[in-house]
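In: any chance you could fold what I've pasted below:
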Amino acid sequence: MKGTEFAELVAFMAVSQERSFRRAARRLGMSPSALSHTIRSLEERLGARLLNRTTRSVAPTEAGQVLFDRLRPAIADMEGAVRDVGACQMQPRGVVRVNLPRIAACLVVTPILADFLRGYPEVRLDLVIDDAVTDVVAKGFDAGIRSGERVAQDMVAVRLTPDLRMAVVGSPAYFRHRSLPQVPRDIRDHACITYRWHETGALYRWTFDSPGGSIDVDVDSVITANDTDLLLAAALQGAGLAFLPESFVAAHIARGELIRVLDACCKPFSGFYLYYPNRTHLPAALRAFIDFIKLPGSSLAARP
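Out: Got it, this is the predicted structure:
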C-alpha cells in the first residue's frame with residue numbers, strides 16, 4: 001500500500017468517528033478542504049461513495065460502514081504498536097539480547113542478575129554464551145561483551161571491569177610430583193591445559209612478561225578445549241597447568257584448591273567491555289542494563 005493510500009484510509013476513519021469534517025480536520029492537523037479532497041480521492045479510487053454529507057451532518061454509507069468496521073481493529077493495532085514503541089523508549093521493558101563469553105558471564109553478569117531483574121521487572125534478558133567473536137549486529141543481538149582488544153572499532157563500548165591478568169594454576173595433587181616453575185620457559189616441562197578458539201582452531205597464547213620484554217611460550221597441551229569451565233575442572237582434578245583469568249580462579253586459590261605460579265610474570269590485558277552499534281535512540285531496556293552493569297565512573301567511549 002502506498003503512503004497516500006494509507007493516508008486516505010486514516011482520513012476516512014477520522015471523519016467516520018468524528019462525524020464532522022471540521023473536527024476530523026482539526027484532529028489530523030489539516031484543513032477541512034484538504035480533508036474533503038482526500039476523501040473524494042479515496043472514493044474515486046475505490047469506485048464507491050463512502051460518506052453521506054449534508055450541511056449539518058456526515059455519516060458513513062453502507063459501503064462506508066463495512067469499510068470502517070473492517071479497518072477499525074487494524075488501525076487500532078497499528079496505533080497501539082506505535083504507543084508501545086514510544087513506551088518502550090521511556091520505560092525499560094522488553095527483551096535485551098546479549099552475546100558474551102562464559103568468563104564474562106561468571107565475572108560480570110551473574111553477580112548482578114537478581115538485583116537487576118528486581119529493579120526492572122519488565123525487562124527480560126536473553127544471554128547467549130559464546131566464546132567466539134560473533135557479529136552481534138548480523139546475529140540480531142542488542143549488545144555483546146568481550147575483552148576490549150576484541151571489540152570492533154566502529155562499536156560504542158563501555159568498560160565493565162578494570163584491566164585483568166592471567167594466572168597459571170595447578171592443583172596440589174599435580175604439584176605433588178612436579179616442581180613449581182620458576183620462570184616462563186619452565187612451563188615447557190609441564191602438562192598444560194589450553195584454550196582453543198572454536199572458529200579458527202588456534203590455541204590461546206601463553207604470553208608472559210620477562211626482563212627482555214613480552215614472550216610467548218610453546219606449551220605441551222595435554223588437553224585443549226573451547227570451554228573455560230572444562231579447563232578449570234581439569235586443572236582442579238590435577239590434569240595439568242591451566243592459564244586462566246585470575247578473577248576466574250581466585251576463589252579456588254584462596255581455598256587452597258589451586259596453586260598459582262609465575263604470578264610476577266603474568267601481564268595485564270584489556271578488561272571486559274559491553275559494546276553495541278551506535279544508535280540515535282537507544283532502547284530504554286538496553287540503556288538500563290548498561291547503566292546497571294557498567295564499571296562505576298566509566299563512560300561510553302571507544303575502548304583504549
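In: hang on, isn't Arg146 packed against Tyr275?
Out: Yes. Using CB atoms under 8 Å, Arg146 is in contact with Tyr275, at 6.9 Å. (Each C-beta comes from the backbone N, C-alpha and C, glycine too.)
In: find the residue ranges of the protein scoring beneath the pLDDT cut-off.
Out: The model of the chain has pLDDT under 70 over residues 1-3, 79-90, 279-280, 296-304.
In: most remote residue from it's center?
Out: Thr55 (58.2 Å; CA atoms, centre = their mean).
In: who's in contact with Leu100?
Out: Counting by CB atoms under 8 Å, 6 or more residues apart in numbering, Leu100 makes contact with Val108, Val109, Leu127, Val128, Ile129, Asp130, Gly144, Ile145, Arg146.
In: so what are the domain limits for the protein?
Out: 3-90, 94-152+278-293, 164-269 (automatic domain parsing).
In: end-to-end on the last one?
Out: According to CA to CA, to the nearest Å, domain 164-269 extends 5 Å from its N-terminal end residue to its C-terminal end residue.
In: and it, how far out from the chain middle?
Out: Offset of domain 164-269 from its chain centre (CA atoms, centre = their mean, to the nearest Å): 30 Å.
In: need the phi and psi values for Thr61.
Out: phi -70, psi 180 (degrees, to the nearest 10).
In: was I right about it contacting Leu46?
Out: No. Here Thr61 does not reach Leu46: they are 11.4 Å apart, not a contact under CB under 8 Å.
In: ok, what's across the strand from the residue nearest the centre of the chain?
Out: By CA atoms, centre = their mean, the chain has its centre lying nearest to Ala143, at 2.4 Å. Assessed by DSSP bridges, Ala143 has beta-bridge partners Val98.
In: that older thread, can you redo the domains of the chain as a markdown table with distance to Val158?
Out: Rendered in a markdown table, the data for the domains of the chain read as follows (distance: least, CB to CB, whole Å):
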| stretch | distance to Val158 |
| --- | --- |
| domain 3-90 | 20 |
| domain 94-152+278-293 | 6 |
| domain 164-269 | 16 |
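In: look up how far Phe21 lies from the residue farthest from the centre of the chain.
Out: Distance from Thr55 to Phe21, counting by CB to CB, to the nearest Å: 11 Å.
In: excluding chain neighbours, give the residue nearest to Ile75 in space.
Out: Nearest residue to Ile75, sequence neighbours excluded (CB to CB, 6 or more residues apart in numbering): Met13, at 5.7 Å.
In: hang on, that neighbour in a strand?
Out: No. Counting by DSSP: H, G, I helix; E, B strand; the rest coil, Met13 is not part of a strand but helix.
In: I'd say it and Phe68 touch.
Out: Yes. Counting by CB under 8 Å, Phe68 is a contact partner of Met13 at 6.7 Å.
In: so Val222 sits in a strand?
Out: Yes. Counting by three-state DSSP, Val222 is found in a strand.
In: burial count for it?
Out: Applying other CB atoms under 10 Å, we find 14 residues neighbouring Val222.
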